[in-house]
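J.: build the 3D model from these lines:
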Amino acid sequence: MSDKDFMDQEEIHSKVLRAGRRTYFFDVRSTKAGDYYLTITESKKFTHDDGSFHYKKHKIYLYKEDFAAFKENVIEMMDFIIDEKGSEVISDRHQKDFKREEHPQNGEMKAPENFTDVDFDDI
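T.: Numbers count the residues shown, from 1 in each chain. The predicted structure is shown next:
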């Protein structure tokens, strides 16, 4: 079998989703037995101070026997997020005026910035 025939057998169908610094690749591939499976790859571009860059990639292999449960879980998690937070993106990267809510650590309470320190002996 030539390299071209092997590649034709290996990669069946592909789709790309570009999302800011991330790119998602959805690839249908073939097993040695001729069955199909899905790979989902997240590729994220990182730029160095000198202008050079590199990509970090994460890959998931998804086989047919797991499709139904995977799909059910993804839909459930996406619906939960939309139900809880809506579809608007809330992030300091996406909104210039975003202010992160600070949570106290170790049970410490932090006074708000506009808090006036009052000594009750002064009253």
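J.: doesn't Arg68 lie inside a strand?
T.: For residue 68 the amino acid is Ala, not Arg. No. Counting by DSSP: H, G, I helix; E, B strand; the rest coil, Ala68 is not part of a strand but helix.
J.: what's the local residue count around it?
T.: 9 (other Cβ atoms under 10 Å). Every C-beta, even on glycine, is put in place using the N, C-alpha and C of the backbone.
J.: where does the protein dip in pLDDT?
T.: 1-10, 92-123 (pLDDT under 70).
J.: would you list every one of the strands in it?
T.: Taking DSSP state E as the criterion, the chain contains strands spanning 11-19, 22-30, 36-47, 53-63.
J.: give me the contact list for the second one.
T.: Identification of contacts with strand 22-30 by Cβ atoms under 8 Å, 6 or more residues apart in numbering yields 9-17, 36-45.
J.: again, only this time at 10 Å
T.: Residues from elsewhere that reach strand 22-30 (Cβ atoms under 10 Å, 6 or more residues apart in numbering): 6, 8-18, 35-45, 55-57, 59, 61-62.
J.: how about Val74, what does it touch?
T.: With Cβ under 10 Å, 6+ apart, Val74 has no contacts at all.
J.: and the gap between it and Asp49?
T.: Applying Cβ to Cβ, to the nearest Å, the value for Val74 to Asp49 is 37 Å.
J.: hmm, Tyr55 and Lys45 touching each other?
T.: Yes. With contacts counted by Cβ atoms under 10 Å, Lys45 reaches Tyr55, the gap being 5.6 Å.
J.: shared neighbours, these two?
T.: Common contact partners of Lys45 and Tyr55 (Cβ under 10 Å, 6+ apart): Arg21, Thr23.
J.: please consider this matter closed, and thank you.
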